[in-house]
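[1] have a look; sequence and predicted model below, questions after that.
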Amino acid sequence: MDGKYKVFNDLSKIHTHGNRVLYVSLILTFFCSLFNIYFAYRVNENAKQNFYLLDNGQKLAAVRIKDHKRAIDIICEGHLGNFHELFFALEPDLELIKRNIEGKALYMGDHSVQRLYNRLVDQNYYEDVAKSGYSIEVEQDSIRIDYSSYPFRFRFMGKQKIIKDGNAEYRSLITTGNLVETKSTPNNLNGLKIIRFNVLDNNDL
């Protein structure tokens, strides 16, 4: 009888011990799951705060920005700055001009940008630049973007610096248009597009 009781007591202890191990395992699993969920959430939030600085449409570096409005400013201003640099800064190299405009700038805008480009091509403007041997640089003065309504209205103010035989001449460069969000592509990393683009002023200074 004592032997049977001892066996029963041992089995009871094993069962109790097994239950404790099971409960501890479940508790540890629960807390590990909570930790994993929290960690994944934090990683996702941190990723949302990383934005890319761009140069001529190419990623330079990821920067951490907690202010979402400031992040939008950087992306929109960068998009407009890159576009104007690609479209209006020209070298006496027709292939380079076409590569910058047709291969990059036109993807950053809609048919209003394409229409302007076609008009300049019909006027042999780019061929004249290539034959002239002078370079044109873009100097940005300011970019104003109205975020109070969508699409975002913008106004770019700057100058074109025309370098001829070591001398510099200047032309005003004032443009307007709107920015809309679009799908990000390899040719348009920012996921923005310029619409209703218009050159307000491009006269000698």
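    On my side now, so go ahead. Since we're looking at a predicted model, the values are computed, not measured.

[2] how much space between Leu189 and Met108?
    Using Cβ to Cβ, to the nearest Å, Leu189 is found at 10 Å from Met108. C-betas here are computed from N, CA, C, even on glycine.

[3] and these two? which has more neighbours close in?
    Met108 (24 against 19; other Cβ atoms under 10 Å).

[4] shouldn't that one be in contact with Leu192?
    Yes. Counting by Cβ atoms under 8 Å, Leu192 is a contact partner of Met108 at 7.5 Å.

[5] overlap in contacts, the two.
    Listed as contacting both Met108 and Leu192 by Cβ atoms under 8 Å, 6 or more residues apart in numbering are His79.

[6] now for this protein, the helix or strand with the poorest mean pLDDT.
    None of the helices or strands of the chain scores lower by mean pLDDT, DSSP states H and E than strand 58-64, at a mean of 44.

[7] can you list the buried residues in whatever helix or strand comes next after it?
    Next helix or strand after strand 58-64 toward the C-terminus (DSSP states H and E): helix 68-88. Neighbour counts over helix 68-88 (16 or more other Cβ atoms under 10 Å) mark 71-72, 74-88 as buried.

[8] now for helix 68-88, which elements pack on it?
    Judged by 3 or more Cβ pairs under 8 Å, 6 or more residues apart in numbering; DSSP states H and E, the packing partners of helix 68-88 are strand 50-55, helix 94-102, strand 135-146, strand 152-164, strand 167-181, strand 192-201.

[9] CSV for these, including mean neighbour count?
    Below are the helices and strands packed on helix 68-88 laid out as CSV (neighbours: other Cβ atoms under 10 Å):
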stretch, mean neighbour count
strand 50-55, 15
helix 94-102, 15
strand 135-146, 14
strand 152-164, 18
strand 167-181, 16
strand 192-201, 17
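
[10] any idea which of those gets closest to Arg115?
    strand 192-201 (8.6 Å; Cβ to Cβ).

[11] okay, now the unreliable bits of this structure?
    Across the chain, residues meeting the criterion (pLDDT under 70) sit at 1-26, 30-36, 38-70.

[12] repeat that with 90
    Per-residue confidence for the chain (pLDDT under 90) gives these ranges: 1-75, 131-134, 164-167, 182-191, 204-205.

[13] can you get me a residue count around Ile37?
    Around Ile37 there are 10 residues (other Cβ under 10 Å).

[14] which strand or helix spans it?
    Element membership for Ile37, per DSSP H and E: helix 2-48.

[15] tell me what Leu192 is bridged to.
    Glu181 (DSSP bridges).

[16] pretty sure it is touching Glu181, no?
    Yes. Leu192 is within contact range of Glu181, at 6.3 Å (criterion: Cβ under 8 Å).

[17] residues in contact with stretch 171-180?
    Among residues not part of stretch 171-180, those counted as contacts by Cβ under 8 Å, 6+ apart are 76, 79-80, 84, 88, 109, 112, 138, 145, 150-160, 162, 192-205.

[18] send over it as PDB, restricted to the C-alpha atoms.
    What follows is stretch 171-180 as a C-alpha-only set of coordinates in PDB (Å, rounded to 0.1, in the frame of the first residue of the first chain):
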ATOM      1  CA  ARG A 171      18.400  85.500 -67.200                       C
ATOM      2  CA  SER A 172      15.500  85.500 -64.800                       C
ATOM      3  CA  LEU A 173      13.800  82.100 -64.200                       C
ATOM      4  CA  ILE A 174      10.400  82.200 -62.500                       C
ATOM      5  CA  THR A 175       8.100  79.200 -62.900                       C
ATOM      6  CA  THR A 176       4.800  78.000 -61.400                       C
ATOM      7  CA  GLY A 177       2.800  74.900 -61.300                       C
ATOM      8  CA  ASN A 178       1.300  72.300 -59.000                       C
ATOM      9  CA  LEU A 179       2.700  69.200 -57.300                       C
ATOM     10  CA  VAL A 180       0.700  66.000 -57.000                       C
END
